[in-house]
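Undergrad: Structure for this input, please:
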Amino acid sequence: MPYQIKKRQHERAKDIGVSIQPSSNPNKKVDVYKNGKKVASIGGAGYGDYATYLLKDKELAEEKRKNYKARHEKDRKKVGTPSWFSDQILWN
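TA: Reported below is the predicted structural model:
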């Protein structure tokens, strides 16, 4: 079963000028498209993300987000990279 993209993730994608769809790669959650061209596949299929954790427990979601951002600090700020898209769409 493909990953169910949450409303907040579609909204975040729209805010940064891209569109998203469930990934065609079984190891990833989401494919990111800009001007109809795929630019990245993001989110490990076996891992959670902020929106998913929020459905369970807000405190847990905040802790997971804090840990994710600390773990990916050096690469999540490079605009246009898969890490940046993941940070912007899956963890904001």
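Undergrad: quick one: what helix or strand has residue 39 in it?
TA: Using DSSP states H and E, residue 39 sits within strand 37-44.
Undergrad: And the next helix or strand past the longest helix seen in the chain?
TA: The residue-count maximum for a helix in the chain (DSSP state H) belongs to helix 58-71. Under the assignment DSSP H and E, the closest C-terminal helix or strand after helix 58-71 is helix 82-90.
Undergrad: got the angle between that following helix and strand 37-44?
TA: Relative orientation of helix 82-90 and strand 37-44, computed by axes from the mean of the first three to the mean of the last three Cα atoms, to 10 degrees: 80 degrees.
Undergrad: returning to what we had before: for the longest helix of the chain, buried residues please.
TA: Across helix 58-71, burial judged by 16 or more other Cβ atoms under 10 Å covers 61, 64, 65, 68. For every residue, glycine as well, the C-beta is placed using N, CA and C.
Undergrad: Likewise for stretch 8-27?
TA: The neighbour-count check on stretch 8-27 (16+ other Cβ under 10 Å) flags 9, 12, 13, 18, 20, 23 as buried.
Undergrad: Greatest separation within those: which pair is it?
TA: The span of those, defined through Cβ to Cβ, is set by 12 and 23 at 16.3 Å.
Undergrad: just to revisit the earlier point, any chance of a markdown table for the buried residues of helix 58-71, columns pLDDT and distance to residue 50?
TA: Shown next, in a markdown table, are the buried residues of helix 58-71 (pLDDT from 0 to 100; distance: Cβ to Cβ, whole Å):
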| residue | pLDDT | distance to residue 50 |
| --- | --- | --- |
| 61 | 98 | 6 |
| 64 | 98 | 7 |
| 65 | 98 | 5 |
| 68 | 97 | 8 |
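Undergrad: Which member of those is positioned nearest residue 44?
TA: Nearest to residue 44 among those is residue 68, at 11.2 Å by Cβ to Cβ.
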